[in-house]
Structures are given as structure tokens and as C-alpha cells.
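> Got a sequence here, can you build the structure:
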Amino acid sequence: MKTLTELLAGFQSVVLGTLGSNGYPFSSYAPFYYDGEEVYIFISNLATHAKNIQSTPRASTLFVEDESKSENIFARKRISLQCDVTSVSREDERFNTIMENFKDKFDAPIVTMLMGMKDFNLYALKPIYGEATFGFGEAYHIGGEKMNTLVIRRGDKGHK
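Residues are numbered from 1 along each chain as shown. Next up is the predicted model:
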């Protein structure tokens, strides 16, 4: 059975769903790093999605197959996670480790420049529920001890 680490390896950014102060969902995106347990995003306080998660520390994430690579637009491969969000302080020992991983994954000089901007903060998104779909009839829950493995869905009757 595949893990989220394997499934997310081909992605560089995540679509975020956050709850706005008006009570409506807000969609955006951010580059991310995944450590096998949590999704990390490094975003500016000026961004609407940062303000939203500061006031309501929950988010939905969507990792979706590129349209140009999809065999069928109605069955794009996708992974959706509902997450609790916490801020990772620059004084937290995880901060430098995670940011080094961001530098390895992305353009190190740009990440270093962003780290110098005090309005940028690191957030950890811990999955509490998730689903993965890889085509018609290929749907899974995300589960396991660390919420990072595919679990076959049971009980669904299928398309009619």
C-alpha cells in the first residue's frame, strides 16, 4: 500500500481551503514540504489564507493531478486532507530543519530571501481526515497511525 510520502512526491504546491471571516471558504495555494506526517507551508501574514488560519486554525488541502497529464478530466487523481493547523515559531527547533528541507526542495536563494522577511511564517498542517481518488472506483481513505497511508474504502455501493 502506498504512503502519502510517495503520493505527494510529484507535487510542489498544494491548494488550500481556509475559512474566511465572512464564514465562506477561501481557496488559494502555497508551496509545501511534507515530512511524512505533516504538511508545512511558509506563507506571508499579508496573505488572506494566513489571516484565515490564524483566526480559524483548520484547513483543507488538495493535491490534484495536472489537467494536461490526466487521462480523463472527470477522474483526475487527487488527495484531499482536512487538517488542524499550528504555527511553528522561528525559535522552535523544527523551524530550521523544515526550512532546510524547503531549500532542498525549492530554489534555496529564494527560500533564504523569504526567511529574511519577518511577515513570513511556517505552519504545520496535521491531517485528521483524508481521501484519495485515483480514478473511477479507485477511492481510498487516508488513515494509519500517522494519517499517512491509504486505506481501502468499505461499504460504498459504487456508481449507478
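> Could I get the buried residue list for the strand ranked longest in the chain?
In the chain, ranked by residue count with DSSP state E as the criterion, the top strand is strand 120-133. Residues of strand 120-133 classed as buried: Phe120, Asn121, Leu122, Tyr123, Ala124, Leu125, Pro127, Gly130, Glu131, Ala132, Thr133 (neighbour count, 16 or more other CB atoms under 10 Å). C-beta: built from backbone N, CA, C; applies to glycine.
> who's in contact with the fifth one?
Shown in contact with Ala124 (CB atoms under 8 Å, 6 or more residues apart in numbering): Glu38, Val39, Tyr40, Val85, Thr86, Ser87, Val88, Arg94.
> Excluding chain neighbours, what is closest to the second one?
Going back to what we said before, that points to Val39. The spatially closest residue to Val39, leaving aside those adjacent along the chain, is Leu125, at 4.3 Å (CB to CB, 6 or more residues apart in numbering).
> and the one you found, bridged to which residues?
Note on Leu125: beta-bridge partners by DSSP bridges are Val39, Val85.
> was I right about it contacting Ala59?
Yes - if you go by CB atoms under 8 Å, Leu125 and Ala59 touch, sitting 5.8 Å apart.
> what's the overlap in contacts for these two?
Taking CB under 8 Å, 6+ apart as the contact rule, the neighbours common to Leu125 and Ala59 are Cys83, Val85.
> neighbours around Ser89, how many?
11 (other CB atoms under 10 Å).
> An error on my part: the question was meant for Arg154.
6.
> you'd agree it is in a helix?
No - assigned with DSSP: H, G, I helix; E, B strand; the rest coil, Arg154 falls outside any helix and is coil.
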